[in-house]
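J.: no sequence for this one, just the structure:
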């Protein structure tokens, strides 16, 4: 499946990569249905390379409340393994993330890059894969990206011949370092593919997504693309919750509760009747007394 082509990056217009929400991605080097669009990694860089234009690939992104997932296919036209002793010249993709999308001129605690090194000592030896953070050396973690934050899988695309291309799938547990992402959140991002095409220990070919000037390695403001997170179900609105509460059936009285004692209430008409009866009684008493006097 060919990726969507990126327009040339001019320092301002950035490629918006859509990351699809998914709760069932398995990091095994096989593309899950939960991923969304694939984007072409094909723009050739000019810095730090010998200018060969052979390596290409495709990348897609997914996410949920805890992890971001990247699946990338690498079509390596040379030796599909690294022989260099320097990580940044070896075969494999390199991912850049600016978690807060701050676009600063230099890396801060919320920016990092991580390489997936695809290495062999010889064509017949066992494949080895590891992560390299922010510079040369197999382990140089920073505050927002350590080895424990990642899961990694690498396999040949056709399951047989690595020369036909290989797939790298990697997840990053961003929730260890920031609040959960919501729909429409933007994160600064870039990805490139490095290739020691000739097998002499130098980076001969380099492909980019949206940043052929190759400035992202030290300048997050130059990331040529952004991730836009989409597809999560919206939570129920507070008004909906209140409406549900208002429409709930009334609670039945507790049969075990002590019965309430009613207090008798005297109405205004009862008071008037009692007063009238009292007046009549007084009148009758006065009449009887008067009659007794005249006898």
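T.: Looks like it arrived, so ask away. Keep in mind that this is a model prediction, so the values were computed, not measured.

J.: I'd like the average pLDDT over whichever strand or helix holds residue 131.
T.: According to DSSP states H and E, residue 131 maps onto strand 128-133. Averaging pLDDT along strand 128-133 yields 68.

J.: immediately after it, which helix or strand?
T.: For strand 128-133, the following helix or strand on the C-terminal side (DSSP H and E) is strand 150-156.

J.: adjacent strands (with direction) for that following strand?
T.: Applying DSSP bridges to the sheet, strand 150-156 is found paired with strand 166-172 (antiparallel).

J.: now residue 35: closest residue in space that isn't a chain neighbour?
T.: Nearest in space to residue 35, with sequence neighbours left out and distances taken as C-beta to C-beta, 6 or more residues apart in numbering, is residue 60 at 4.3 Å. Glycine gets a C-beta too; all of them are placed from N, C-alpha and C.

J.: contact partners for that neighbour?
T.: By C-beta atoms under 8 Å, 6 or more residues apart in numbering, the residues touching residue 60 are 31, 35, 36, 37, 38, 39, 70, 71, 72.

J.: am I right that the first one sits in a helix?
T.: No. Residue 31 is assigned coil when assessed by DSSP: H, G, I helix; E, B strand; the rest coil, not a helix.

J.: what about the residue nearest to it when sequence neighbours are not counted, helix or strand, and which?
T.: Spatial nearest neighbour of residue 31, excluding adjacent residues (C-beta to C-beta, 6+ apart): residue 71 at 5.2 Å. Taking DSSP H and E as the criterion, residue 71 maps to strand 68-75.

J.: can you check residue 226 too?
T.: In this assignment (DSSP H and E), residue 226 forms part of strand 225-230.

J.: what's that strand in contact with?
T.: Contacts for strand 225-230 (C-beta under 8 Å, 6+ apart): 6, 9, 14-21, 36, 61, 63, 68, 101, 181-191, 209-211.

J.: going by neighbour count, list what's buried in it.
T.: Within strand 225-230, the residues that qualify as buried are 225, 226, 227, 228, 229, counting by 16 or more other C-beta atoms under 10 Å.

J.: per-residue confidence averaged over it?
T.: 94.

J.: next: stretch 26-45.
T.: Throughout stretch 26-45, pLDDT has a mean value of 90.

J.: got it, and stretch 213-222?
T.: Averaged over stretch 213-222, pLDDT sits at 79.

J.: mind checking the end-to-end distance for that stretch?
T.: Stretch 213-222 has its terminal residues 9 Å apart, counting by C-alpha to C-alpha, to the nearest Å.

J.: the residue nearest to residue 31 contacts residue 35, correct?
T.: Yes. In this structure, residue 71 is within contact of residue 35 by C-beta atoms under 8 Å, at 5.7 Å.

J.: so between those two, which is more surrounded?
T.: Counting neighbours by other C-beta atoms under 10 Å for residue 71 and for residue 35 shows that residue 71 has the greater number, 24 against 19.

J.: show me what contacts that one?
T.: By C-beta under 8 Å, 6+ apart, the residues touching residue 71 are 31, 32, 35, 59, 60, 61, 62, 167, 168, 169.

J.: with distance to residue 86 added, can I get those in TSV?
T.: Shown next, in TSV, are these (distance: C-beta to C-beta, whole Å):
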residue	distance to residue 86
31	30
32	33
35	32
59	24
60	29
61	28
62	32
167	24
168	19
169	25
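
J.: out of the residues you listed, which is nearest to residue 202?
T.: Of all the contacts of residue 71, residue 168 has the smallest distance to residue 202: 21.2 Å, by C-beta to C-beta.
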